[in-house]
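**Q** Model the structure of this input:
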Amino acid sequence: MRCGKPVAGPEPCGLVILDKPSGPTSHDLVDEVRRFLGVPRIGHTGTLDPMATGLLLVLVGRATKLQAYIPGDPKIYQGTVALGVSTDTMDAEGRVTEVVPYAGGESEVEKALCSLVGEREQVPPMYSAAKHRGKPLYYYARRGKEVDRKSRRVRIYGAEMTAFRRSGGGAEVDFTLSCSPGTYVREIASSLGEMLGCGGSLARLRRVASGPFTIEEAVTLHELRARALAGQEFLLAPLQALRGYPRLELRREYERRARNGAPLSPDMFLEAGDDFSAGERVAVAVGGDLIGVYERAQDEPRLLRAKRLL
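**A** Coordinates of the predicted model:
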């Protein structure tokens, strides 16, 4: 599904907020953007399963240096759990392993959903992109192998049932979930089914927010192509990609110093740069262009030290 010729001109640099369709992998979409824009440096900030749709943040050009610093907490999802149907992948794309009728009602589902809120240990599913010895877990799963996985601590900030429907001997539950990055929603769906004694799997999933970024801002791959070919703006500038960060504007005469990674003191900024706590990260810019991410020094509280330069 190649979408066109590379965009001519200087190498693009910034953030694309994509609306991923169901079907392709996140890597597939990144490859499409790379081919279309003709930019070798492309990356995303959080994988979506092939079945899932919604918000995918794609960094372009030098902005890939900011990958670890793009705000992405919380992740907000909307989806559907099929109660009574268990699969080997915990979602609708897997092989059905068990079908158990669900005779309960809405109140039991609501109570079980509420009990999921809080911190929990989560083991990455075998059918996932988490790595083991350099290979994604699904590589082993497709070969019938199960490997040891380390659990990770995740947090569910909120879980709400938005609709309940009977479906054959089971039920379909629409939900909205707010969680920390790295949470496997498929595992949450499966756990919900286990709590209700019937098993469950994820039938549909859409990511609608990631940190300060929302699905209303997203464009499809087709819309991205149309904007780029029409010469319209299609990237958020690197400084805009760091939404939510405190922002400091550096005086022009200190630009070279900053770009070389030297520590910065409060007197170098147009406005005072000394009202941040130790360890707090800030975005430093000159003339509205991002220089990089800085952090209040632990050893010298009046200084900002470079964490990542653009």
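**Q** I'd assumed Gln240 was in contact with Ile70.
**A** No. Applying C-beta atoms under 8 Å, one finds Ile70 not in contact with Gln240, separated by 10.9 Å. (C-beta placed from N, C-alpha, C; glycine too.)
**Q** Which one of these two is surrounded by more residues?
**A** Comparing Ile70 with Gln240 by neighbour count (other C-beta atoms under 10 Å), the higher total belongs to Ile70, at 22 against 13.
**Q** Counting neighbours, what do you get for Glu108?
**A** Neighbours around Glu108, by other C-beta under 10 Å: 14.
**Q** roughly how far apart are it and Pro24?
**A** Separation of Glu108 from Pro24 (C-beta to C-beta, to the nearest Å): 36 Å.
**Q** For the most centrally placed residue in the chain, what are phi and psi?
**A** Taking C-alpha atoms, centre = their mean, the centroid of the chain lies closest to Gly46, which sits 3.5 Å from it. The phi/psi pair for Gly46 (degrees, to the nearest 10) reads phi 170, psi 120.
**Q** Looking at it now. What's its pLDDT?
**A** Gly46 carries a pLDDT score of 88 in this model.
**Q** Give me the neighbour count for the nearest residue in space to Pro50 that is not next to it in sequence.
**A** Closest residue in space to Pro50, ignoring its immediate chain neighbours: Thr25 at 5.1 Å, by C-beta to C-beta, 6 or more residues apart in numbering. For Thr25, the count of nearby residues is 14 (other C-beta under 10 Å).
**Q** Hmm, Thr25 is touching Met51, no?
**A** No. When contacts are counted by C-beta under 8 Å, Thr25 is not listed as touching Met51 (10.2 Å).
**Q** Can you pull the residues that touch both of these two?
**A** Counting by C-beta atoms under 8 Å, 6 or more residues apart in numbering, Thr25 and Met51 have no common neighbour.
**Q** residue boundaries of the helices in this protein?
**A** If you assign secondary structure with DSSP state H, the helices in the chain sit at 26-37, 106-115, 137-141, 185-195, 221-229, 238-241, 255-259.
**Q** buried ones in the second one?
**A** For helix 106-115, the buried set under the neighbour-count rule, 16 or more other C-beta atoms under 10 Å, comprises Val109, Ala112, Leu113.
**Q** Tell me where this protein is predicted with low confidence.
**A** 1-9, 272-276, 301 (pLDDT under 70).
**Q** what about the longest strand in it?
**A** strand 152-167 (DSSP state E).
**Q** That one - contacts with which helices or strands?
**A** Applying 3 or more C-beta pairs under 8 Å, 6 or more residues apart in numbering; DSSP states H and E, one finds that strand 152-167 makes contact with helix 106-115, strand 118-122, strand 170-179.
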